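*Asks:* got a structure for you, letters missing:
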């Protein structure tokens, strides 16, 4: 019995279905590889020799060296947000609501998200470049020959530093941003200082800060995991290092923005 030959349109449809299926299969396989990479890296956290000094060095690199840019960006974020909020609220004589509006937005959303994006561009890209350079120059292979586990020595400290440093940096972002909004509102817009602070106290609570800190820790895991994974598996020499760095920034930024929605939905149900 002769098989019917698909028409031109039918072949296009089959090709499109195959492409979508291949894409989803590759995504599932990639997710499995990244998950395995994370689990094996965290496993070495609890195995001797313990790399506490390496963790502290990476916390200093991710956290301490990011403080200045975080303070600068958060100050002007708070100023701009207070300025735009005043422009809108002044139409309805609700200027006193600038304080809680800025505080809630920075605590729940802008603080952790913008901190994640900033640190991804600085520290996440650096992680991928560092490990990628070590991979293409065979330094990682040399560690294995010397009996040093690369994931314990190189990957795990960077992941832990990202998870630990991000909530602290986010807290700094939230504080400086609110401080900038406070001074602009009270000195520039002549809003009573006591009223401004009382409104913040009335409309905010520790759960708002907790939501931002949880998000920040998760974002730290995202950029440090992707940065170390891309760098650890770099190929093709210097071109591969550049590609790993670029992919780290792009993928981490996208995942931070996408996961923010789902984390907001989940945490709203858990905390409120």
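*Replies:* Sure, I can see it. Given the structure is predicted, the values throughout are model-derived calculations rather than measurements.
*Asks:* ok, which stretches of the chain are helices?
*Replies:* 8-43, 52-62, 67-89, 98-105, 111-119, 125-136, 139-145, 150, 156-183, 193-203, 206-232, 237-271 (DSSP state H).
*Asks:* Leaving out chain neighbours, which residue sits closest to residue 175?
*Replies:* Leaving aside its sequence neighbours, residue 175 sits nearest to residue 74 (Cβ to Cβ, 6 or more residues apart in numbering; 7.9 Å). Yep, even glycine has a C-beta here, placed from its N, CA and C like the rest.
*Asks:* now do residue 107
*Replies:* Residue 107 sits nearest to residue 208 (Cβ to Cβ, 6+ apart), 4.3 Å away.
*Asks:* show me where pLDDT drops low in the protein?
*Replies:* 1-9 (pLDDT under 70).
*Asks:* How many residues are close by the nearest residue to residue 164 once chain neighbours are set aside?
*Replies:* Of all residues not flanking residue 164 in the chain, residue 59 sits nearest, at 5.9 Å (Cβ to Cβ, 6+ apart). By other Cβ atoms under 10 Å, the residues close to residue 59 number 19.
*Asks:* The residue nearest to residue 175 touches residue 177, doesn't it?
*Replies:* Yes: in this structure, residue 74 is within contact of residue 177 by Cβ atoms under 8 Å, at 4.3 Å.
*Asks:* ranking the helices of the chain by burial, who's on top?
*Replies:* Across the helices of the chain, the average number of neighbours (mean count of other Cβ atoms under 10 Å) peaks for helix 111-119, which reaches a mean of 25.
*Asks:* which other helices and strands contact that one?
*Replies:* helix 67-89, helix 156-183, helix 206-232, helix 237-271 (3 or more Cβ pairs under 8 Å, 6 or more residues apart in numbering; DSSP states H and E).
*Asks:* Could you tell me the phi and psi values at residue 234?
*Replies:* With angles defined as degrees, to the nearest 10, residue 234 sits at phi -70, psi 140.
*Asks:* again with residue 94
*Replies:* Note on residue 94: its backbone torsions stand at phi -120, psi 40 [degrees, to the nearest 10].
*Asks:* Tell me which residues are up against stretch 233-249.
*Replies:* Stretch 233-249 is contacted by residues 120-121, 124-125, 127-129, 131-133, 135-136, 223, 226-227, 230-231 when judged by Cβ atoms under 8 Å, 6 or more residues apart in numbering.
*Asks:* what do you get if the cut-off is 10 Å, keeping everything else the same?
*Replies:* Contacting residues not belonging to stretch 233-249 are listed as 33, 37, 117, 120-122, 124-137, 140, 223-232 [Cβ atoms under 10 Å, 6 or more residues apart in numbering].
*Asks:* Can you check which residues contact both of residue 74 and residue 177?
*Replies:* 106, 110-111, 114.
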